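Colleague: Prediction below, plus the sequence it came from.
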Amino acid sequence: MQEHSAALSSNVRTRFFIDGEWVASHSQQRHVLISPATEDPFMEIPLADPVDVERAIAAARRAFDHGPWPKMSGEERGVYLKRLTEEVRQRLPLLTQLWTDQVGAPSAFATSLIPVGITRFEFFSSLLDTYEFEDSRPTLRGHVRVRREPVGVAALIVPWNATFPIVSQKMAAALAAGCTVVVKSPQESPLDALIIAECAAAAGLPAGVLNVITAGRDEGAQLVQSPDVDKISFTGSVPTGQWIARAAADRVARVTLELGGKSAAILLDDVDLPSAFAALVPFTMPFSGQICFSQTRILAPRARYDEVVDTYAQIISKLKVGDPAHADTKVGPVLSDSQRKRVRTYIERGIGEGAKLVTGGTGNAGFDRGYFVEPTVFSNVTQEMTIAREEIFGPVVSILAYDTVNDAIRIANDTPYGLSGSVYGQDLERAYEVACRVRTGNIGINGVELAANAPFGGFKQSGLGREGGREGLEAYLETKAVFMPTPVA
Ligand code: NAD
């Protein structure tokens with residue numbers, strides 16, 4: 001980490017970005033970052049207190065109510081966002097390293113997924129070239145101008161697991177819409193959004209348009225409850241999302257929620273197993289399963305169940321576990337000791353409830369230091385078992401057998417979640433029909449994909465609203481109808 005921290009400016013390491021300035025925190029509270037791979041402390045960062053939060057909200061409020069940003073045309077904002085995008089692009093290698101250093105993402109994984117963040121900036125800045133913020137429609141009396149105006153001050157609350165791609169999705173859309181923004185970074189992964197703030201300063205964004213602080217849950221709650229915040233976009237766990245939805249309801253604040261998942265990969269009976277696993281395996285326990293759209297339940301036809309279990313377990317047992325900084329490491333540590341304990345409790349529960357442990361378990365994968373959990377596969381899992389129902393957020397996958405396609409769809413849907421999923425088979429139209437019957441916001445045929453121009457989000461308890469695509473921009477817009485007494489020009 002030392003060499004990477006040398007690449008960080010002292011502003012990013014020690015300050016917050018508020019009202020266009022790098023400011024010292026009012027709070028004296030500090031948080032020590034611990035490497036998940038070595039358990040060594042490597043950096044101390046400031047944590048915001050209520051005064052810091054108020055400063056950030058006030059700056060964003062002023063910039064929205066009195067500043068130029070919400071009044072600019074889409075094309076004008078697009079010029080700033082394209083400059084911002086280029087600044088971010090230059091820092092992608094640093095952001096990739098920080099994903100590994102701060103939370104232990106294997107560098108090969110981080111390298112392959114970091115471009116997702118930049119494509120989000122590219123998409124929203126380009127969308128502004130063509131997006132119509134106003135259209136006209138005839139009425140009996142004349143015409144109505146339908147305007148799409150920015151919602152106002154947006155609070156963006158992000159989790160630790162994929163901070164850069166997630167904050168990029170929210171920030172690019174909110175800024176494109178003309179909102180002003182307060183980002184609350186998670187304390188485990190505080191540096192990403194501050195680096196983007198450096199990019200915003202270099203791109204010349206007006207003061208107060210982007211404000212970035214790092215804080216824990218109480219200050220997050222303060223943001224959610226502030227009457228000066230018009231929109232909350234949250235990514236994190238279901239219980240926090242439920243709390244935020246309830247708090248926002250008090251003043252009918254706008255809310256987007258991206259929550260957890262328990263996604264199913266359905267292998268149809270005509271599946272070509274080698275090609276299906278080549279596409280699926282990287283998404284079953286990516287980043288030690290600490291990704292919301294991990295395909296953590298594999299549904300296999302009973303006639304091919306043993307073949308599926310044997311093949312998958314063999315692949316997983318050969319994955320290289322180790323230092324996330326090494327290029328050939330496939331599975332690194334989980335975030336923390338408490339996360340490791342939580343995952344182990346689920347594994348013990350799986351064994352206790354009668355699932356068969358095929359590979360892995362509760363061991364340390366041979367490491368004395370670092371929060372390692374062996375990649376773990378269970379077979380003979382039934383839908384009632386805890387490991388098949390709850391989001392584990394660790395490297396644990398369950399393989400369930402099904403008898404008919406209807407049965408597979410019923411099992412896939414028998415969960416309070418509905419975030420992601422995938423279907424594998426050689427008959428693409430049949431796979432598509434199955435995908436249409438799975439109650440989930442995103443689903444892939446013969447693979448798993450993210451795209452900046454596609455909406456992302458969950459059915460059921462996986463969330464509310466969508467990010468990404470035009471839908472993601474519109475999540476930060478209010479629609480106004482202005483009735484004119486003259487015909488459409
Ligand atoms: P978390 O809910 O504990 O915390 C998420 C963020 O919310 C953090 O910044 C935290 O400080 C803040 N927070 C906590 N309590 C708050 C409150 N009362 N008010 C305001 N802010 C508060 O989640 P986590 O453990 O950091 O992240 C893991 C979860 O995130 C998993 O469930 C995962 O599935 C989910 N996730 C979802 C997506 C998605 O796009 N759907 C993406 C990544 C992660």
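Modeller: Perfect, thanks for sending it. Numbers count the residues shown, from 1 in each chain.
Colleague: I'd guessed V396 sits against G350; true?
Modeller: Yes - here V396 reaches G350: they are 7.5 Å apart, a contact under Cβ atoms under 8 Å. In this view, the C-beta of every residue, glycine as well, is placed from N, C-alpha and C.
Colleague: any shared contact partners between these two?
Modeller: Residues touching both V396 and G350 (Cβ atoms under 8 Å, 6 or more residues apart in numbering): 378, 387.
Colleague: Do I have it right that H143 meets A481?
Modeller: No - taking contacts as Cβ under 8 Å, H143 lies outside contact range of A481: 10.5 Å.
Colleague: Which one's more surrounded, those two?
Modeller: Using other Cβ atoms under 10 Å as the criterion, H143 and A481 rank with H143 on top: 18 against 10.
Colleague: Check what pLDDT the closest residue to that one other than its chain neighbours gets.
Modeller: Spatial nearest neighbour of H143, excluding adjacent residues (Cβ to Cβ, 6 or more residues apart in numbering): V488 at 4.3 Å. With respect to pLDDT, V488 has a value of 94.
Colleague: Helix or strand for V488, just tell me which one.
Modeller: V488 belongs to no helix or strand when assigned by DSSP states H and E.
Colleague: who touches it in this structure?
Modeller: 136-138, 143.
Colleague: Mind checking if the helix or strand hosting F234 is in reach of the ligand?
Modeller: In the assignment (DSSP H and E), F234 maps to strand 231-235. Yes - using Cβ under 6 Å from any ligand atom, strand 231-235 reaches the ligand at T235.
Colleague: What parts of the stretch 301-450 of the chain come near the ligand?
Modeller: Residues of the stretch 301-450 of the chain lying near the ligand (Cβ under 6 Å from any ligand atom): 391, 393, 419.
Colleague: about what we covered before: pLDDT averaged over the strand holding F234, what's the number?
Modeller: 98.
Colleague: Stretch 83-93 too?
Modeller: Averaged over stretch 83-93, pLDDT sits at 98.
Colleague: Distance of the closest residue to V405 other than its chain neighbours relative to V229?
Modeller: Leaving aside its chain neighbours, V405 sits nearest to V434 (6.2 Å; criterion: Cβ to Cβ, 6+ apart). According to Cβ to Cβ, to the nearest Å, V434 stands 41 Å off from V229.
Colleague: Check G418 too.
Modeller: In terms of Cβ to Cβ, G418 sits 28 Å off from V229.
Colleague: show me what contacts the closest residue to L419 other than its chain neighbours?
Modeller: In space, L419 comes closest to G261 once its chain neighbours are excluded; the distance is 3.3 Å by Cβ to Cβ, 6+ apart. By Cβ under 8 Å, 6+ apart, the contact set of G261 is 292-294, 296, 391, 417-420, 458, 462.
Colleague: List the contacts of the helix or strand where E54 lies.
Modeller: Using DSSP H and E, the element containing E54 is helix 50-66. Helix 50-66 is contacted by residues 16, 18-20, 23, 25-27, 48, 69-70, 150, 152-153, 155, 179-182, 184, 206-209, 211-213, 215, 219, 222-223, 226, 228-229 when judged by Cβ under 8 Å, 6+ apart.
Colleague: May I see the PyMOL selection of the buried members of those residues?
Modeller: Buried residues within those, by 16 or more other Cβ atoms under 10 Å, are selected in PyMOL with:
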select buried, resi 16+18+19+20+23+25+26+27+48+69+70+150+152+153+155+179+180+181+182+184+207+208+209+211+212+213+215+219+222+223+226+228+229
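Colleague: Which ones among the contacts of helix 50-66 map onto helices?
Modeller: In this view, these that belong to helices under DSSP state H are 219, 222-223.
Colleague: Among these, which one lies nearest to the ligand?
Modeller: Among the ones in helices among the contacts of helix 50-66, L223 lies closest to the ligand (Cβ to the nearest ligand atom), at 6.5 Å.
Colleague: The residue positioned nearest the centre of the chain in helix, strand or coil?
Modeller: The centroid of the chain falls nearest to I166 when counting by Cα atoms, centre = their mean (4.2 Å). Under DSSP: H, G, I helix; E, B strand; the rest coil, the three-state class of I166 is helix.
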